[in-house]
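Q: this is a predicted model, with the sequence first.
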Amino acid sequence: MTANIFVVGLDEDNARVLRRLPEAGQYRFHGLLTPDELQHGDIDVGALLDKATAALDTFDGPIDAIVSFWDFPAASLVPLLCERHGLPHVPLEAILKCEHKYWSRLEQREVIDELPHFGIVNLDVADPKVPEGVAYPLWLKPVKAFSSELAFHVTDEAEFAAAVDKIRAGVGRVGDPFDEVLGKVKLPPEIAAVGGAACLAEEELHGVQAAVEGYVYQGEVTVYAALDSIDYPDSSSFLRHQYPSQLPAEVQRRMADVARRVMRRIGFDNGTFSIEFFCDPRSGQVALLEINPRHSQSHAELFELVDGLANHDLMVRLGLGQGPRHRSGAGPYGIAGRWYLRRFSGDAVVTRVPTAEEISALQNEIDGVRVSVSPQEGQRLSDLPEQDSYSYELAQFLIAAKSLQEMEQKYERCADSLHFEFDDAA
């Protein structure tokens, strides 16, 4: 029989990946809420839950799984919906222990030592201060936000004050609805005291960025992959994510060990996860940056190109209560990356973007390349959703190759071929 799988936040790009899964003929995927409803504008958790519940209640057929590859609010909605329908899911409390950055740090320090000094910044006082024991340089960030939104690198009191003002003004957009979900579980006193619209300060971590992906099935934690995150030179903005990781095997082993200890501590089960790290390849030291209570949908095609199987397969099988699988190295390429073309020189109106014909010609010319342009002609860059605090994304390139050097060469050809124009004065 065909299994009905409801995907919270399903979009067409991910639907195409899901339709390429080996057993896709046995699945029927149904979108439940849109990415725009989940991530843009005001977030009304109660209204989203009511809309999703109504869609499921009126569905004419069995509901076999409810899954998602998005963070809040999707990650929190899934256990609430699954509980109602008796389906396998990650406990809501475990989701929140991952997503609330301060709560997550408190849990992490119970089982690992590789942590920066951290603390809560009191946004309710007129003149907030750096938490005791936290030193510059540091990062200020909401305890819950989308991507790197409202995350600021701070080196002195003036930068601290400016960043606090911006976070104070914007933290409620995600923090207030996040607080609503926190109210659905019994919180430790220290988390209840700060809530969901709070600001975390933590000392800067050093090294190269990397991540591991894994899952927990019937209480057993499995880490199956490591990836690298490469920044632009002298910047905290991502240039690319690449799979497989090029870090030494010992560093990858240490990341996997930390991941297993932390996920067991949190009580995570029946789901996928992605954990980000800073690593020192020379000493082998690893420092956990943050835990995502879902696999990365932006990595799905990287796994497909290298392993022959997207990580979405794990999500689907766990959602159905089935044992996961992973096919390492069975794909047509040796390495794959998701690259980002960015503008760092400030806001502007986009007056020209690459044409469909130019993009098609580039994709036909270079094997293993797919191009996606982010802004539209006439759009102001600051109106683009989910941008980091220091750059604007112009395009993404999915690039697969036999070697790292070949992949880098393909990126340079892509970046040189795409022509954008801007009006800085508009």
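A: Received, thanks.
Q: make it CA atoms for all contacts and neighbour counts henceforth
A: Noted.
Q: what's the offset of stretch 228-237 from the middle of its chain?
A: Averaging C-alpha positions (C-alpha atoms, centre = their mean, to the nearest Å) puts stretch 228-237 16 Å from its chain's average.
Q: report the buried residues of that stretch.
A: For stretch 228-237, burial by neighbour count (16 or more other C-alpha atoms under 10 Å) applies to 228-231, 236-237.
Q: over to stretch 146-153?
A: Applying 16+ other C-alpha under 10 Å to stretch 146-153 flags 146, 148-153 as buried.
Q: rewinding a little: reformat the buried residues of stretch 228-237 as CSV; add secondary structure.
A: Shown next, in CSV, are these (DSSP: H, G, I helix; E, B strand; the rest coil):
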residue, secondary structure
D228, strand
S229, strand
I230, strand
D231, strand
S236, coil
S237, coil
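Q: need the residues you listed in TSV (columns: distance to G41 and pLDDT).
A: Shown next, in TSV, are the buried residues of stretch 228-237 (distance: C-alpha to C-alpha, whole Å; pLDDT from 0 to 100):
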residue	distance to G41	pLDDT
D228	31	97
S229	28	95
I230	30	94
D231	28	92
S236	26	81
S237	24	88
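Q: so what's the gap between stretch 158-177 and the chain middle?
A: Per C-alpha atoms, centre = their mean, the centroid offset for stretch 158-177 relative to its chain is 20 Å.
Q: what does that stretch rub up against?
A: 42-45, 123, 128, 140-146, 150, 152, 154, 196-199 (C-alpha atoms under 8 Å, 6 or more residues apart in numbering).
Q: okay, and which of those map to helices?
A: Judged by DSSP state H, the contacts of stretch 158-177 include V45 as members of helices.
Q: write the ChimeraX selection for whichever of the contacts of stretch 158-177 are buried.
A: Buried residues within the contacts of stretch 158-177, by 16+ other C-alpha under 10 Å, are selected in ChimeraX with:
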select :43,44,45,123,140,141,142,143,144,145,146,150,152,154,196,197,198,199
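Q: pLDDT-wise, which helix or strand of the protein ranks last?
A: Ranked by mean pLDDT, DSSP states H and E, the helix or strand of the chain with the weakest confidence is helix 35-39, at a mean of 91.
Q: only C-alpha atoms, please: export it in CSV.
A: The C-alpha trace of helix 35-39 is given here as CSV (Å, rounded to 0.1, in the frame of the first residue of the first chain):
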residue,chain,number,x,y,z
PRO,A,35,7.7,27.7,3.9
ASP,A,36,6.3,31.3,3.6
GLU,A,37,3.7,30.6,6.3
LEU,A,38,6.4,29.1,8.5
GLN,A,39,9.2,31.6,8.2
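Q: quick one: buried residues of that helix?
A: 38-39.
Q: can you give me the strands for the stretch 51-200 of the chain?
A: Assigned strands in the stretch 51-200 of the chain, in chain order: 65-68, 118-121, 138-142, 152-154, 199-203 (criterion: DSSP state E, counting those that start in this stretch).
Q: contacts for the last one?
A: The contact list for strand 199-203, computed with C-alpha under 8 Å, 6+ apart, reads 101-102, 116-123, 130-131, 134-143, 167, 171.
Q: circling back: could the buried residues of stretch 228-237 go into a markdown table alongside distance to T355?
A: Formatted as a markdown table, these follow (distance: C-alpha to C-alpha, whole Å):
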| residue | distance to T355 |
| --- | --- |
| D228 | 31 |
| S229 | 29 |
| I230 | 28 |
| D231 | 28 |
| S236 | 30 |
| S237 | 26 |
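Q: A361 is nearest to which of the strands of the stretch 51-200 of the chain?
A: strand 65-68 (34.0 Å; C-alpha to C-alpha).
Q: any idea of the mean pLDDT for that closest one?
A: What strand 65-68 shows for mean pLDDT is 98.
Q: can you put the buried residues of stretch 146-153 in a markdown table and add pLDDT?
A: Listed next are those as a markdown table, based on pLDDT from 0 to 100:
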| residue | pLDDT |
| --- | --- |
| F146 | 81 |
| S148 | 77 |
| E149 | 85 |
| L150 | 90 |
| A151 | 92 |
| F152 | 94 |
| H153 | 94 |
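Q: dump the residue contacts of L227.
A: Going by C-alpha under 8 Å, 6+ apart, the list of residues near L227 reads 210-212, 241-246.
Q: closest one to R343 among the strands of the stretch 51-200 of the chain?
A: Per C-alpha to C-alpha, nearest to R343 of the strands of the stretch 51-200 of the chain: strand 152-154, 17.8 Å.
Q: for that closest one, enumerate the helices and strands it packs against.
A: Under the contact definition 3 or more C-alpha pairs under 8 Å, 6 or more residues apart in numbering; DSSP states H and E, strand 152-154 sits against strand 138-142, helix 157-170.
Q: out of the ones you listed, which is the most enclosed?
A: Among the helices and strands packed on strand 152-154, strand 138-142 has the highest mean neighbour count (mean count of other C-alpha atoms under 10 Å), at a mean of 24.
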